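Engineer: take this sequence and fold it.
(one chain, ligands or ions: 1)
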Amino acid sequence: MTSRPEAELDTSAAAETKTASGDNTRKVFVRTYGCQMNVYDSERMTDVLAPQGYSTTADMEEADLVILNTCHIREKAAEKVYSELGRIRKVKEERAKAGKDMMVGVAGCVAQAEGEEISRRAPIVDMVVGPQSYHQLPSLLDKARQGQKVVETEFDIDAKFDHLSARAEKPIMKRPPAAFLTVQEGCDKFCTFCVVPYTRGAEVSRSVEQIVTEAQRMAASGVREVTLLGQNVNAYHGEAADGSTWGLGKLLRRLSEIDGLDRLRYTTSHPRDMDDDLIEAHRELKSLMPYLHLPVQSGSDKILKAMNRKHTRDEYFRLIDRIRVAAPDIALSGDFIIGFPGETDQDFEDTMDLIRRVEYGSAFSFKYSQRPGTPGATMEDQVPEDVKSVRLQELQALLSEQQKAFNASRKGMTCDVLLEKKGRNPGQLVGKSPWLQPVQLDAPESMIGSVQAVEIVEIGSNSLFGRLIAGQDAADGSGAIPAPAA
Ligand code: SF4
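Structural biologist: Numbering: from 1, shown residues only. Sure, this is the predicted structure:
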């Protein structure tokens, strides 16, 4: 399942890390594009570099090492990376004039897809590193410093996971209250529009022990909410210490026992892998938040088949019914691709009908665009751009109406909010509701990192506004409770 494409995320301002000896002699600037898995990977890269003397900087001009952690989901992704490299070249030249060195690395899915082509087209690049090779960054940097052009795009995912586990046994830097944890990578589904099986490889799950150890470390470093990540996260099938294989439901139960981890989420899921045990976990676990991102992409059986989604619209409806029986208050989210080859007016109407029936709390929608190397790219009956644009507008209007209705239904409720950071205005904090909506409220800074009972008093266009109910950490991770009578 594709993680939802998001705006470029600059993770370069993370907390400073120190080397084993306490020195911070070099600076690394990491620019992260795309999904949450890339955000997680960027954090891991800075963890791996910390013992080499690197601390993070938000200012590229003072960086000794610049890493672009790229995403291949968006159209013309590679071209955008090349133009960013053009800008970096100028910074590198300025630094060279001042007698300072700067190394440049390209990581992520564009690195995996383009490989050597990147060093050929952009000679300023010293290292091209695919997503499964970040644990090798220190040795790759050494090679690059010796003047070698490094291209490392092997699919040795087990080695990466083993290494990350070893890292987790050492102290990690302080994390924000909500953080990501990769449990699974890659995908075997081969949806005909998607590059993930080609850029991230086959499905591989981390072991239960690796994940539990890392989650315990995260809790010890201040994390209250963990979102488990995987391109197809509910296909998780990790090995436990006794040699048995655990699914995601069982893993969530184990993680819910960790002290300090009040909230659990996971993304992104495929309808085919939503098994009974996972659905049951939504009924049972107080710490599993009532939010589920479950993309369907289209409401037309014909298009679902052409997309190789391996399920029908009726199967999706039945699944949603089962989930809502287990967790009646769940916020459902989805992804929609509009204008897949062969999509007729009737196919589009089937998608609109599906949306009306499901009623989403939020959703992401995109016009189909051809990804080189995928079967969809060479299919006949590509839909004209102007038709896609009109359909997308109509669909987004419906989704936005549903989102507003869902948000409005929270008004007057009291719910637990994890306070994550300072807001724009003095005295304001921003947190997350159980349904993943941003909530703004007045509260002291000392409450950052705590879970508070908050009454939702106003609904904005993108966030909710709340009022603190009690001054103590609610910390039970539960969802909504009825608002007190006026
Ligand atoms: S191939 Fe399909 S299931 Fe796999 S990541 Fe891509 S969209 Fe998701």
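Engineer: low-confidence regions, the chain specifically.
Structural biologist: For the chain, the stretches with pLDDT under 70 are 1-24, 73-75, 155-174, 470-486.
Engineer: domains of this protein?
Structural biologist: Domain segmentation of the chain under automatic domain parsing yields 26-154, 157-284, 290-409, 414-468.
Engineer: quick one: which of these is nearest the ligand?
Structural biologist: domain 157-284 (3.1 Å; CB to the nearest ligand atom). All C-beta atoms are positioned from the backbone trio N, CA, C, and that covers glycine.
Engineer: using CSV, please lay out the domains of the chain together with mean neighbour count and distance to the ligand.
Structural biologist: Formatted as CSV, those follow (neighbours: other CB atoms under 10 Å; distance: least, CB to the nearest ligand atom, whole Å):
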stretch, mean neighbour count, distance to the ligand
domain 26-154, 19, 9
domain 157-284, 19, 3
domain 290-409, 18, 7
domain 414-468, 18, 20
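Engineer: now do the same contact list for Ala98.
Structural biologist: Neighbour list for Ala98: empty [criterion: CB atoms under 8 Å, 6 or more residues apart in numbering].
Engineer: dihedrals phi and psi, it?
Structural biologist: Ala98 has phi and psi values of phi -90, psi 10 when expressed as degrees, to the nearest 10.
Engineer: can you tell me how far it sits from Gly412?
Structural biologist: Distance, Ala98 to Gly412, by CB to CB, to the nearest Å: 59 Å.
Engineer: same check on Ser433?
Structural biologist: To Gly412, Ser433 is 13 Å away according to CB to CB.
Engineer: joint contacts of these two?
Structural biologist: Common contacts of Ser433 and Gly412 (CB under 8 Å, 6+ apart): Ile456.
Engineer: where along the stretch 101-250 of the chain do the strands fall?
Structural biologist: Along the stretch 101-250 of the chain, counting by DSSP state E, counting those that start in this stretch, strands occupy 103-107, 127-129, 150-152, 178-182, 184-185, 204-205, 225-229, 238-239, 245-246.
Engineer: partner strands of the second one, with direction?
Structural biologist: In the sheet containing strand 127-129, its partner strands are strand 103-107 (parallel), strand 150-152 (parallel), by DSSP bridges.
Engineer: what would these look like in CSV with distance to Phe29?
Structural biologist: Putting the strands paired with strand 127-129 into CSV (distance: least, CB to CB, whole Å) gives the following:
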stretch, distance to Phe29
strand 103-107, 10
strand 150-152, 18
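Engineer: which one of those strands lies closest to Cys35?
Structural biologist: The closest of the strands paired with strand 127-129 to Cys35 is strand 103-107. By CB to CB, the value is 13.6 Å.
Engineer: hmm, who's touching the closest one?
Structural biologist: 41, 45, 64-70, 81, 85, 88, 92, 114, 118, 122, 124-131, 134, 137, 141, 144-145.
Engineer: gap between it and the chain center?
Structural biologist: Mean-position distance between strand 103-107 and its chain equals 22 Å (CA atoms, centre = their mean, to the nearest Å).
Engineer: strands along the stretch 351-486 of the chain, start to end?
Structural biologist: Along the stretch 351-486 of the chain, counting by DSSP E, counting those that start in this stretch, strands occupy 362-367, 414-422, 428-432, 438-442, 451-459, 464-468.
Engineer: can you lay out the ones you listed as CSV showing distance to Leu264?
Structural biologist: Below are the strands of the stretch 351-486 of the chain laid out as CSV (distance: least, CB to CB, whole Å):
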stretch, distance to Leu264
strand 362-367, 19
strand 414-422, 12
strand 428-432, 13
strand 438-442, 19
strand 451-459, 13
strand 464-468, 21
